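Colleague: sequence? don't have it. structure:
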């Protein structure tokens, strides 16, 4: 079971349009259920984002750290953490 704090949920609700054409959640509860269903991951640093994406088989060769941070499935959280949502 994954646990997402309020910071994760609010960030996802606010920024979900960068990954999805239409909202997939409108409340904190819906956001939490969606993130649990797609097994979204929270990591502590951009290096961990890169490592996660490489392990998932995404082709990120040649991408700068800035480009990785701006990827549609990567949500920067206040405090330096990152939420990764595979759409």
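Modeller: That came through fine. Remember, predicted model here, so these are calculated numbers, not experimental data.
Colleague: please pick out the residue of the chain most distant from its centre.
Modeller: Most distant residue from the mean C-alpha position of the chain: residue 62, 20.8 Å away (Cα atoms, centre = their mean).
Colleague: how far away is that one from residue 50?
Modeller: For residue 62, the distance to residue 50 equals 12 Å [Cβ to Cβ, to the nearest Å]. Glycine gets a C-beta too; all of them are placed from N, C-alpha and C.
Colleague: for residue 14, same thing?
Modeller: Between residue 14 and residue 50 the computed distance is 24 Å (Cβ to Cβ).
Colleague: of those two, who's got more company?
Modeller: residue 50 (18 against 11; other Cβ atoms under 10 Å).
Colleague: for the protein, give me the ranges with low pLDDT.
Modeller: Along the chain, segments meeting pLDDT under 70 span 1-2.
Colleague: now with 90, please.
Modeller: Within the chain, the stretches with pLDDT under 90 are 1-3, 58-59, 79, 86-87.
Colleague: where along the protein do the strands fall?
Modeller: With DSSP state E as the criterion, the chain has strands at 41-43, 74-76, 82-84.
Colleague: buried ones in the second one?
Modeller: Of the residues in strand 74-76, 74, 75 count as buried by neighbour count, 16 or more other Cβ atoms under 10 Å.
Colleague: and it, which strands flank it?
Modeller: Here strand 74-76 has these sheet partners by DSSP bridges: strand 82-84 (antiparallel).
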